[in-house]
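Participant: How does the following fold in three dimensions:
(chains A and B)
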Amino acid sequence: MIILGFGIGTFQNRARAQGRLDPVSNLVQSLLLPASSRIDSFFDASSDFASGVRDAKSLREENQRLKDQLHAVNQYMESSERFAVELDRLRKTVHLDPKGRTAVYADVIGHVPYDNRITISAGADKGLKQNLAVVTVDGLLGVISTVDEKSSQVILITSKSVQIGGLVQSDGQNIPGMVHGIGPRRLSMDLPAGSIAPGSDVITTGYSENIPRGIKVGTVTEFFEDEQFGEYRATILPSAKLGLGTEVAVLK
Amino acid sequence: MRQFTSIIVCGLLFFLAGVLQFSAMPRIDIWGAHPDLLLVVAYSLAVLVRPGQGALAGFVSGMLIGGISGATLTHYILSRTVVGYALGMTSQMEPGIRAAAGLVAAGTLVGQLILMFLAPPSGIGVFLKVTILEALLNGAIAIPVFALLRRVVRPKVV
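Facilitator: This next block holds a predicted model:
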């Protein structure tokens, strides 16, 4: 048997030298390995199951902890995105074109929607006075109606009580008209004549001493024309919207 | 007929031991030592049979462990055949279960020492420590294996 063992070993070494498995090892492996790997899988599954049962409490706690962390991360991401947008708006507000006037920056500190009115955090102490233009980075938001020491009331341009001079820039022509609010999200512009394409921009005329020329008011969405009665009217979507930011600038 | 049954049972035991040796035994880790089921079956059988048959049991055990692990067959076959033969010589004394467990443990020690001389391992200190632990484990496992084999190979005469 010992001689046979040596013989098998020699045979194995020769097979190894030729880069292959010897028949004895091959036979043993083909006999035992399939069953062995099946039992191995069974033990793996049993071990996973047992560890699942054993560590159920800690796994549940870990799961809850991870959920809490995920929730916190999501909240952080949302805040971070919101702050990024706010920062962008602040940068734009700081760098907005004051149209030859001096910009006084303020925050919106109050809003009365049914009255189309907001309160801003700057007043007489900053040199503000009635009828000055209040703008955001998107365009004209309103005009100052009353001024207190440290705050001011602003009537939004969507208010029916506000009328401002506007210029429609359509087909290379500047057509003047009067813009006034007709609802919380719409403006109307009465025009003397002409034809306007929807999508045209409306800017301020600058004919008022308080509102400089060139501030964007909105975009024409509809145009109504009645030649018989001489009625030409455009509906405008205002550019500046509340809710996108709390920073405004007053052009004094 | 009884001899045929014994051969079949022993064959199945070797097969089962071989399968478990490479699936369940690596999971049992006691300070780096793993039980060697093939060795336990071979040596428990060797204690019950004649020296030649004991040597054959050791031979089969060495062939299986070497073949499946891809190790050099000669070293395993040689060490286990010699120990199997030696343990077979004790069968005339008809050892009891505790004596058989001790013999299996001693056989493990001697077999591994022979293996150490045939194929010197890199860390002899660690090898010896693991060998001693493995001998103790094998001795413990030999108790039920020997009891089973004794019923098959050498039934009690009433």
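
Participant: what about the longest helix in the chain?
Facilitator: No chain specified, so I'll use chain A. Ordering each helix of chain A by length in residues (DSSP state H) puts helix A:56-94 first.

Participant: wrong chain, I was asking about chain B
Facilitator: Once chain B is assigned using DSSP H, the helix that runs over the most residues is helix B:124-153.

Participant: now the helices for chain B?
Facilitator: B:2-21, B:37-48, B:51-69, B:73-88, B:97-118, B:124-153.

Participant: Point out the most buried one among these.
Facilitator: helix B:37-48 (a mean of 29; mean count of other Cβ atoms under 10 Å in any protein chain shown). Any C-beta I mention is one placed from the backbone N, CA and C, and that applies to glycine too.

Participant: mind checking pLDDT for the residue nearest to B:Val41 when sequence neighbours are not counted?
Facilitator: The spatial neighbour of B:Val41 that comes closest, neighbours along the chain excluded (Cβ to Cβ, 6 or more residues apart in numbering or on different chains), is B:Ala17 at 4.6 Å. The per-residue pLDDT reported for B:Ala17 equals 87.

Participant: close enough to count as contact, B:Ala17 and B:Val40?
Facilitator: Yes - at 7.2 Å, B:Ala17 counts as touching B:Val40 under the criterion of Cβ atoms under 8 Å.

Participant: and the helices of chain B, which one's lowest on average pLDDT?
Facilitator: Mean pLDDT per stretch puts helix B:2-21 lowest among those, at a mean of 82.

Participant: same for the helix or strand just after the longest helix of chain A, what does it pack against?
Facilitator: Downstream of helix A:56-94, the first helix or strand assigned by DSSP states H and E is strand A:103-112. Under the contact criterion of 3 or more Cβ pairs under 8 Å, 6 or more residues apart in numbering or on different chains; DSSP states H and E, strand A:103-112 touches strand A:117-120, strand A:247-251.

Participant: Most tightly packed of those?
Facilitator: Taking mean count of other Cβ under 10 Å as the contact definition, the stretch among the helices and strands packed on strand A:103-112 with the greatest mean neighbour count is strand A:247-251, which reaches a mean of 23.

Participant: That one vs strand A:103-112, what angle?
Facilitator: Using axes from the mean of the first three to the mean of the last three Cα atoms, to 10 degrees, the interaxial angle of strand A:247-251 with respect to strand A:103-112 works out to 120 degrees.

Participant: Please list the residues outside strand A:247-251 that contact it.
Facilitator: A:89-90, A:93, A:96, A:98-99, A:101-108, A:120, A:122, A:126, A:128, A:132-136, A:141, A:144, A:152, A:154, A:211-212, A:215 (Cβ atoms under 8 Å, 6 or more residues apart in numbering or on different chains).

Participant: which residue packs closest to B:Gly102, ignoring adjacent ones?
Facilitator: With sequence-adjacent residues excluded and distances taken as Cβ to Cβ, 6+ apart, B:Gly102 is closest to B:Gly139, at 6.3 Å.

Participant: need the contact list for residue 101.
Facilitator: I went with chain A, as the question did not name one. Taking Cβ under 8 Å, 6+ apart as the criterion, A:Arg101 is in contact with A:212, A:251-252.

Participant: you looked at the wrong chain, it should be chain B
Facilitator: Shown in contact with B:Ala101 (Cβ under 8 Å, 6+ apart): B:139-140, B:142-143, B:146.

Participant: mind checking how far it is from A:Thr205?
Facilitator: Distance check for B:Ala101 against A:Thr205: by Cβ to Cβ, to the nearest Å, it reads 109 Å.

Participant: same deal with B:Ile65?
Facilitator: On the measure of Cβ to Cβ, B:Ile65 and A:Thr205 end up 100 Å apart.

Participant: before we move on, the earlier item: in the longest helix of chain A, what's buried?
Facilitator: Buried residues in helix A:56-94, defined by neighbour count with 16 or more other Cβ atoms under 10 Å in any protein chain shown: A:89-90, A:93.
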